[in-house]
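>>> here you go, sequence then predicted model.
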Amino acid sequence: MALEKVFNNRILLADLTTGKCEERELGDKLAREQLGGAALNLELLRRFPEGEPLVIGTGLLTSTFCPGAGVGVVTAKSPRSGLVVHHPFIGMIGIELKLSGFDFIVVRGRSEKPVRLWLHDELAEVSPAGEVKELGTNQVTGRIRDEYGDMNIHAFQVGPAGAAGSPLAMISESCFGGYDRAGLGLALAEKGLYALVVRGLGNLEVADGFFPESAKLMQETAQSLKGKTGIKEILRLWAKEDSFLPALEKVTHRHSACYSCPFPCRTFGFLREDPARKLETDASNPGCLLIDPQGVLALSFLGNDYPHVYEHCTQLGVDPAAVGLMLKAEGIGDKEAADKRIEALVKEKKDLINSNQNNFHGVTPWPDGGDLSAALVQAAGVFSNGIPPAVLPLSTPPFSLPSDPVEKAALVLERTALGLILGVCPLLLLSTPVITPARLATLVKLATEWDGIGEEELKAKAKSLIGQTLKLAAPREAISEGLKPAGFDAAWAGLKKRYVEG
């Protein structure tokens with residue numbers, strides 16, 4: 001196997017109790033058996049059970065030229081649901097992590113004082129981070145970059161909500177929020193780890209034939225998406241009407257894509273500058289990056305104020321989807337009242353369960369209009385519910401979907417699983433059918449030189465990841481009855497049979 005073309009062959013064991021870091025070899029055998037990403041994370045949870053571990057890993061194709069291959073994943077037990085969940089980070093942190101020289105990090109133990117883990121140039125250091133408890137995520141990101149003198153440093157961090165012990169605390173990708181619906185920000189804060197700081201200056205070798213095959217797939221994927229741009233493309237699929245658009249258009253400055261991705265689904269909004277400005281602004285913090293469709297949609301009832309309230313959530317490191325659900329139920333309708341109430345919710349350690357809102361094991365639901373297959377995906381709770389629980393009809397040709405809701409839910413779960421194993425963006429995999437398991441298998445085989453790797457093995461590994469994760473822990477709470485469409489119980493039994501009993 002050409003391991004150096006996909007991994008650094010390095011696992012980091014970070015013991016927060018002692019402050020010591022140790023390294024282990026990844027090895028060909030473990031990589032071949034588990035492939036990478038969420039599947040290998042799960043195996044590391046088993047191998048290193050001491051100290052309530054939380055595993056941060058990269059996919060087999062993370063940092064390669066494969067379309068959308070910029071993803072890393074956290075695997076841990078959710079403080080909100082009690083389930084083991086795989087949470088993706090989709091910006092630049094997965095890239096920086098792998099190119100820092102580390103493929104996987106097993107975080108064990110607890111530090112009595114806040115610390116951060118600094119990874120760069122194949123070096124790892126646990127250092128104090130007391131100042132971060134009082135600062136918003138934007139301030140922490142700025143301080144870290146100033147301290148190390150590098151604007152390309154990224155921080156996987158906990159904000160003030162985590163420091164306050166809020167169940168709604170989320171992991172934030174630098175200062176931009178993220179897709180955490182499982183309260184993993186609280187899980188990190190409880191371990192005393194307030195930031196994972198990474199800078200990747202390394203590189204991976206490129207296997208013969210890999211780049212042209214990736215470029216071909218990139219071109220086909222881009223063509224299938226027909227030039228669609230911005231978070232609005234995803235929001236339109238879930239919103240009952242376009243009332244969210246005026247406030248979004250009012251602040252939109254530009255759209256951007258993550259590493260090696262043909263779909264620029266992230267929208268940067270200028271909140272303190274003219275969005276039409278073409279020249280470089282003097283403002284150090286002109287606005288925010290809107291990357292979380294569920295969070296934006298949950299706050300959109302606030303009209304023109306919702307981009308500002310979304311930014312407040314990202315600065316606090318608090319789940320905007322849950323916050324939006326609670327604010328709307330309380331009849332709050334403007335920015336000033338919303339900001340005050342959000343800070344109170346954090347201090348009160350409010351959660352969806354103790355707020356009497358409908359939820360899936362304490363996790364915010366998508367407004368899916370009672371779709372049975374989407375309810376099944378959310379009930380499984382295997383992956384972050386910040387990822388849409390359905391395919392996104394954005395491409396031409398469209399997905400060919402099964403009529404059976406169990407099979408439709410399985411398609412969503414298994415494409416998401418495959419993305420989090422290989423390090424390919426699940427949002428992209430749910431947006432276009434062009435990136436098939438067969439095409440991904442071709443890239444894996446080119447990169448690794450494995451004999452026998454193929455579509456069926458990738459599908460089997462995705463199915464196995466879902467089944468193994470479902471078996472690990474019982475949820476803390478039941479699913480709200482209001483979120484169970486007609487036929488839910490029978491369909492849920494069918495889904496469990498597919499993964500747990502099959």
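Arrived safely, thanks for sending.

>>> where's the residue lying farthest from the centre of the chain relative to residue 267, distance?
In terms of distance from the mean C-alpha position of the chain, residue 279 ranks first, at 32.1 Å (C-alpha atoms, centre = their mean). According to C-beta to C-beta, to the nearest Å, residue 279 and residue 267 sit 20 Å apart. Bear in mind the C-beta positions are built from the backbone N, C-alpha and C, glycine included.

>>> which residue ranges make up each domain of this protein?
3-199, 224-355, 372-501 (automatic domain parsing).

>>> adding mean pLDDT, write those domains out as a markdown table.
Converted to a markdown table, these look like this (pLDDT from 0 to 100):
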| stretch | mean pLDDT |
| --- | --- |
| domain 3-199 | 93 |
| domain 224-355 | 93 |
| domain 372-501 | 94 |
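
>>> winner for burial among those?
domain 3-199 (a mean of 22; mean count of other C-beta atoms under 10 Å).

>>> ok now that domain, how far from the chain's centre?
Per C-alpha atoms, centre = their mean, to the nearest Å, the displacement of domain 3-199 from the mean C-alpha position of its chain is 12 Å.

>>> host element of the nearest residue to residue 210 once chain neighbours are set aside?
Distances taken as C-beta to C-beta, 6 or more residues apart in numbering put residue 446 closest to residue 210, at 4.6 Å, once the chain neighbours are dropped. Residue 446 is part of helix 437-448 when elements are defined by DSSP states H and E.

>>> packing partners of the following helix or strand past that helix?
Note on helix 437-448: by DSSP H and E, the next helix or strand toward the C-terminus is helix 455-470. The contact analysis (3 or more C-beta pairs under 8 Å, 6 or more residues apart in numbering; DSSP states H and E) places helix 455-470 against helix 37-47, strand 84-89, helix 405-422, helix 437-448.

>>> and the angle for the longest one with helix 455-470?
Using axes from the mean of the first three to the mean of the last three C-alpha atoms, to 10 degrees, one finds that helix 405-422 and helix 455-470 are set 100 degrees apart in direction.

>>> ditto for the second one
Relative orientation of strand 84-89 versus helix 455-470 (the same axes, to 10 degrees): 120 degrees.

>>> just checking, what packs against strand 84-89?
helix 37-47, strand 72-77, strand 171-173, helix 405-422, helix 455-470.

>>> adding distance to residue 491, write those out as a markdown table.
What follows is those, written out as a markdown table (distance: least, C-beta to C-beta, whole Å):
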| stretch | distance to residue 491 |
| --- | --- |
| helix 37-47 | 24 |
| strand 72-77 | 26 |
| strand 171-173 | 31 |
| helix 405-422 | 5 |
| helix 455-470 | 15 |
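
>>> between these, which gets nearest to residue 242?
helix 405-422 (24.8 Å; C-beta to C-beta).

>>> now the closest one: how far from the chain's centre is it?
So, by C-alpha atoms, centre = their mean, the centroid of helix 405-422 is 15 Å from its chain's centroid.

>>> counting by contacts, list what that helix packs against.
helix 37-47, strand 84-89, helix 372-380, helix 426-429, helix 437-448, helix 455-470, helix 488-496.

>>> mind listing residues that contact the second one?
It stands for strand 84-89. Contact with strand 84-89 is made by 38, 41-42, 45, 71-78, 156, 171, 173, 178-180, 182, 184, 381-384, 387, 419-420, 425-426, 465, 469, 472-473, as judged by C-beta atoms under 8 Å, 6 or more residues apart in numbering.

>>> check which element follows it along the chain.
By DSSP H and E, the next helix or strand past strand 84-89 is helix 93-99.

>>> and the next element down the chain from that following helix?
With elements assigned by DSSP H and E, the helix or strand that comes after helix 93-99 is strand 104-108.

>>> name the residues that touch that next one?
Under C-beta under 8 Å, 6+ apart, the answer for strand 104-108 is 11-17, 26, 40-41, 44, 48, 50-58, 97, 117, 119, 191, 193, 196.

>>> among the residues you listed, which are in strands?
Among the contacts of strand 104-108, DSSP state E puts 11-15, 54-58, 117, 119, 193, 196 in strands.

>>> just put those residues in a markdown table and tack on distance to residue 397.
A markdown table is the format used below for those (distance: C-beta to C-beta, whole Å):
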| residue | distance to residue 397 |
| --- | --- |
| 11 | 41 |
| 12 | 43 |
| 13 | 46 |
| 14 | 46 |
| 15 | 51 |
| 54 | 40 |
| 55 | 37 |
| 56 | 36 |
| 57 | 33 |
| 58 | 31 |
| 117 | 44 |
| 119 | 42 |
| 193 | 45 |
| 196 | 40 |
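
>>> between all of the residues you listed, which two are at the greatest distance?
15 and 58 (20.8 Å).

>>> count the neighbours of residue 363 for me.
28 (other C-beta atoms under 10 Å).

>>> same question, residue 358
Residue 358: 15 neighbours (other C-beta under 10 Å).

>>> residues touching it, list them.
Residue 358 neighbours (C-beta under 8 Å, 6+ apart): 365, 480, 482, 483.

>>> return the two entries of those residues that lie farthest from one another.
365 and 482 (9.1 Å).

>>> end to end on stretch 228-242, go ahead and measure it.
17 Å (C-alpha to C-alpha, to the nearest Å).

>>> contacts for it, please.
244-245, 248, 252, 255, 263-267, 290-291, 293, 296-297, 300, 366-369, 388, 392-394, 427.

>>> redo that, cut-off 6 Å
244, 248, 255, 264, 265, 267, 290, 293, 297, 367, 392, 394 (C-beta atoms under 6 Å, 6 or more residues apart in numbering).

>>> try stretch 161-176
Contacts for stretch 161-176 (C-beta under 6 Å, 6+ apart): 80, 89, 91, 93, 133, 137-138, 141, 154-155, 157, 159, 178, 180, 183-186, 189, 289, 291, 316-319, 322, 346, 349, 351.

>>> residue 431 - that's part of a helix, no?
No. Secondary structure of residue 431 (DSSP: H, G, I helix; E, B strand; the rest coil): coil, not part of a helix.

>>> pretty sure it contacts residue 393?
No. Using C-beta atoms under 6 Å, residue 431 is not in contact with residue 393, being 8.7 Å away.

>>> what's stretch 481-488 in contact with?
With C-beta under 6 Å, 6+ apart, stretch 481-488 has contacts from 358, 365, 370, 372, 375.

>>> between the residues you listed, which is closest to residue 148?
Nearest to residue 148 among the contacts of stretch 481-488, with distances taken as C-beta to C-beta, is residue 365, at 40.0 Å.

>>> residue contacts, the closest one?
Contacts of residue 365 (C-beta under 6 Å, 6+ apart): residue 483.

>>> am I right that it is in a strand?
No. Using three-state DSSP, the secondary structure at residue 365 is coil, not a strand.

>>> mind checking pLDDT for it?
Looking at residue 365, its pLDDT is 94.

>>> quick check: it vs residue 267, distance?
Distance of residue 365 to residue 267, given as C-beta to C-beta: 23 Å.
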